[in-house]
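Would you be able to build a 3D model of this:
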Amino acid sequence: LLGKARVPVSETDVIFNHRSGEAHADREVLARLDGVRADVEAIVDDRRHWRTEARREAGRAADLASQLQSLQSAFDGYCREAEERERRATEEQARMRETQLGLERQIVALRDEVATLREQADAERRRSRWLREKLQELHALYEARRFDDSDTLYEQILDVSTELVGAEKGAYLRHVNGHAILATRNFDDVYENERVLKAVAERITQEEHHEPIVLNEQAEIDALVDGDSQTSLRCLIGYPIIIKDRLAGVVIVANKDAGTFSEEDSQILLGVGGHAAVAIENRRLRRDIEDAYASTVALLCNVIEAKDPYTRGHCEEVASLAVAVARELGLELEQQELVFQAGLLHDVGKVAISDGILLKPGALLPAEREVIQTHSTIGADLVSSVPSLRPIAPIILHHHERYDGDGYPMGLKASDIPLVSRIICAVDAYAAMTSVRPYRGALDVGTVRSELQRTAGTQFDPGVVDALLRVLDSPEKRIDAWHDLSDDGLTLSDM
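Residues are numbered from 1 along each chain as shown. Just a heads-up that it's a prediction; the model follows:
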């Protein structure tokens with residue numbers, strides 16, 4: 001139809017005229033053509049519109065695609081991050097699991113350690129209980145058998161040591177330029193075991209801190225003497241005696257009654273060693289004091305004799321005879337020693353008396369007698385200045401008191417006068433009367449005995465006079481008294 005529409009108008013008019021009958025129909029066709037044209041144009045417009053919409057949608061699609069791509073990238077990043085987080089979480093879980101396993105292992109170890117500590121605590125409680133029992137036993141034993149400083153001190157140490165740990169045998173070795181066996185307990189075969197004992201002592205000596213030695217195997221004991229001990233010792237403990245950081249000796253106990261020795265046994269014995277060291281040092285100090293005392297007494301005796309040659313030997317005579325009288329009267333050994341000391345020093349106060357009065361050949365004037373009577377007070381003051389002699393000061397002070405109260409310096413009477421002073425008074429008078437004096441010769445024994453009996457109850461204690469006469473009648477009593485006193489460690493030769 002459109003093609004026909006392009007025919008020149010002149011031709012159309014001819015055709016129109018020729019076909020006038022068809023004019024109406026053509027108008028209808030044209031009208032329809034116009035409608036079709038309008039439809040086509042509308043379609044074209046729609047096409048153009050939809051193309052525009054399509055381009056717009058394409059742009060939006062491109063935007064959406066871009067957004068989708070961004071989202072995809074973001075999603076991929078998120079996935080990668082999630083995977084990384086998951087990986088890290090997995091690793092963290094693994095670490096946590098490993099940590100948990102480690103903690104569980106630590107808990108198990110701690111439980112084992114707690115169980116071990118509980119066992120150790122139980123063992124310590126048992127050990128503490130055992131130590132307390134041993135300490136109580138040691139204290140009881142120490143109270144019952146306290147170490148003294150007698151000549152049996154080493155035997156006492158061995159007795160306590162063996163009893164505490166249940167040992168059969170014991171030996172004490174002194175460490176002075178080698179090791180010497182000073183004492184033993186139940187060690188009949190000590191010399192067969194001497195090599196082992198000295199080897200133990202030497203090993204303790206060589207240790208820097210002198211630690212105790214515990215040997216519970218025969219091979220260990222044999223090794224001390226190159227495997228050739230031939231000893232009867234099955235087990236032993238050796239511990240040191242330390243005095244002022246110096247090794248003074250070694251105590252060895254051997255052959256436990258039941259079983260073997262333990263470290264607790266060695267610790268108990270170290271405690272015994274501490275007590276023993278104190279006792280040994282105290283004995284040394286006592287002997288030093290006794291030596292100093294003996295020197296002091298000897299010096300004072302020499303001073304007295306140098307002052308008055310007529311009294312040479314008088315102090316020793318009074319001391320020896322007074323001890324015998326004290327023994328006859330039943331005084332304890334300690335009191336007898338005081339008698340001995342006071343007898344030696346009863347006239348020490350005469351060192352302060354002038355020679356003109358002390359050695360005067362004639363009778364003393366009243367004033368001179370008053371001066372010489374001060375010697376007992378002076379003597380008491382002198383010995384009081386020496387700590388070891390203070391106990392005899394009252395004896396010296398009152399050795400010129402009379403039984404009837406007419407003596408000096410205080411006029412004491414009868415039992416108010418110390419007994420030892422009463423003994424010295426009677427014996428001093430006897431010795432003075434039987435010796436030569438500047439103003440007279442010695443009196444015979446019969447005259448002196450009669451004078452003692454006559455003045456008993458007035459000047460002298462009657463009981464003391466009777467005891468003195470018995471001793472004079474039995475010289476062996478004087479000798480026995482000296483034997484007893486000498487056995488206690490005090491003799492005239494020591495002075």
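
Just checking: what are the partner strands of the top strand by length along the chain?
The strand spanning the most residues in the chain, taking DSSP state E as the definition, is strand 246-256. With DSSP bridges as the test, strand 246-256 is paired with strand 167-175 (antiparallel), strand 236-243 (antiparallel).

Now tabulate those strands in CSV and tack on mean pLDDT and distance to residue 380.
Where you see a C-beta, it was placed from the backbone N, CA and C, and this is true even at glycine. Shown next, in CSV, are those (pLDDT from 0 to 100; distance: least, Cβ to Cβ, whole Å):
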stretch, mean pLDDT, distance to residue 380
strand 167-175, 89, 42
strand 236-243, 91, 38
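
Present the ones you listed as CSV; the columns should include mean neighbour count and distance to residue 188.
Formatted as CSV, those follow (neighbours: other Cβ atoms under 10 Å; distance: least, Cβ to Cβ, whole Å):
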stretch, mean neighbour count, distance to residue 188
strand 167-175, 23, 9
strand 236-243, 24, 16
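
wait, which of those strands is closest to residue 117?
Within those, the stretch nearest residue 117 is strand 236-243; the backing value is 29.3 Å (Cβ to Cβ).

starting at the chain centroid, how far to that closest one?
Relative to its chain's centre, strand 236-243 lies at 15 Å (Cα atoms, centre = their mean, to the nearest Å).

now do stretch 226-243
How far stretch 226-243 lies from its chain's middle: 25 Å, per Cα atoms, centre = their mean.

Would you mind writing the CA trace of it as PDB?
Extracted as PDB, the C-alpha positions of stretch 226-243 are listed here (Å, rounded to 0.1, in the frame of the first residue of the first chain):
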ATOM      1  CA  ASP A 226      91.300 -51.100 101.600                       C
ATOM      2  CA  GLY A 227      88.900 -54.000 101.800                       C
ATOM      3  CA  ASP A 228      90.900 -55.900 104.500                       C
ATOM      4  CA  SER A 229      89.200 -55.000 107.800                       C
ATOM      5  CA  GLN A 230      88.400 -58.400 109.300                       C
ATOM      6  CA  THR A 231      86.100 -56.500 111.600                       C
ATOM      7  CA  SER A 232      83.200 -57.600 113.700                       C
ATOM      8  CA  LEU A 233      81.400 -54.300 113.000                       C
ATOM      9  CA  ARG A 234      78.200 -54.800 110.900                       C
ATOM     10  CA  CYS A 235      77.100 -51.100 110.900                       C
ATOM     11  CA  LEU A 236      78.300 -48.000 112.600                       C
ATOM     12  CA  ILE A 237      77.800 -44.300 113.100                       C
ATOM     13  CA  GLY A 238      80.700 -41.900 113.700                       C
ATOM     14  CA  TYR A 239      79.900 -38.300 114.900                       C
ATOM     15  CA  PRO A 240      82.200 -35.400 115.900                       C
ATOM     16  CA  ILE A 241      82.600 -33.600 119.200                       C
ATOM     17  CA  ILE A 242      83.100 -29.900 118.200                       C
ATOM     18  CA  ILE A 243      84.300 -27.500 120.800                       C
END
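
Quick one: closest of the strands paired with strand 246-256 to residue 449.
For those, the distance to residue 449 is smallest for strand 167-175, at 53.2 Å, taking Cβ to Cβ.

how about a markdown table for the strands paired with strand 246-256, with distance to residue 43 added?
Formatted as a markdown table, those follow (distance: least, Cβ to Cβ, whole Å):
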| stretch | distance to residue 43 |
| --- | --- |
| strand 167-175 | 134 |
| strand 236-243 | 128 |
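
Quick one: closest of those to residue 42.
Proximity to residue 42 (Cβ to Cβ) singles out strand 236-243 among the strands paired with strand 246-256, at 130.3 Å.

So what's the residue count around residue 65?
Residue 65: 12 surrounding residues under other Cβ atoms under 10 Å.

Can you tell me how far it is from residue 59?
10 Å (Cβ to Cβ, to the nearest Å).

and if you look at residue 223?
107 Å.

between these two, who's got more neighbours?
Between residue 223 and residue 59, counting by other Cβ under 10 Å, residue 223 is the more crowded of the two (13 against 10).

mind listing the strands for the stretch 51-200 of the chain?
Along the stretch 51-200 of the chain, the segments classed as strands by DSSP state E, counting those that start in this stretch run 167-175, 179-185.

Give the buried residues for the shortest one.
Burial within strand 179-185, assessed by neighbour count using 16 or more other Cβ atoms under 10 Å, is assigned to 179, 181, 183, 184, 185.

Repeat that for stretch 383-399.
Buried positions in stretch 383-399, judged by neighbour count with 16+ other Cβ under 10 Å: 383-384, 386, 389, 391-399.

and that stretch, average pLDDT?
For stretch 383-399, the mean per-residue pLDDT is 87.

That one: how far from the chain's middle?
The answer for stretch 383-399 is 40 Å, by Cα atoms, centre = their mean.

cool, stretch 280-293 as well?
Relative to where its chain is centred, stretch 280-293 has its mean C-alpha point 26 Å off (Cα atoms, centre = their mean).

Keeping just the C-alphas, turn that stretch into CSV.
Provided in CSV are the C-alpha atoms of stretch 280-293 (Å, rounded to 0.1, in the frame of the first residue of the first chain):
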residue,chain,number,x,y,z
ILE,A,280,84.1,-31.7,128.2
GLU,A,281,84.8,-27.9,127.9
ASN,A,282,83.3,-27.4,131.4
ARG,A,283,85.7,-30.0,132.8
ARG,A,284,88.6,-28.3,131.1
LEU,A,285,87.5,-25.0,132.5
ARG,A,286,87.0,-26.5,136.0
ARG,A,287,90.5,-27.9,135.9
ASP,A,288,91.9,-24.5,134.7
ILE,A,289,90.1,-22.9,137.6
GLU,A,290,91.4,-25.5,140.0
ASP,A,291,94.9,-24.9,138.7
ALA,A,292,94.5,-21.2,139.2
TYR,A,293,93.1,-21.8,142.6
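
Next one: the closest residue to residue 165 other than its chain neighbours relative to residue 221, how far apart?
Nearest non-adjacent residue to residue 165, counting by Cβ to Cβ, 6 or more residues apart in numbering: residue 265, 4.4 Å away. According to Cβ to Cβ, residue 265 and residue 221 sit 16 Å apart.
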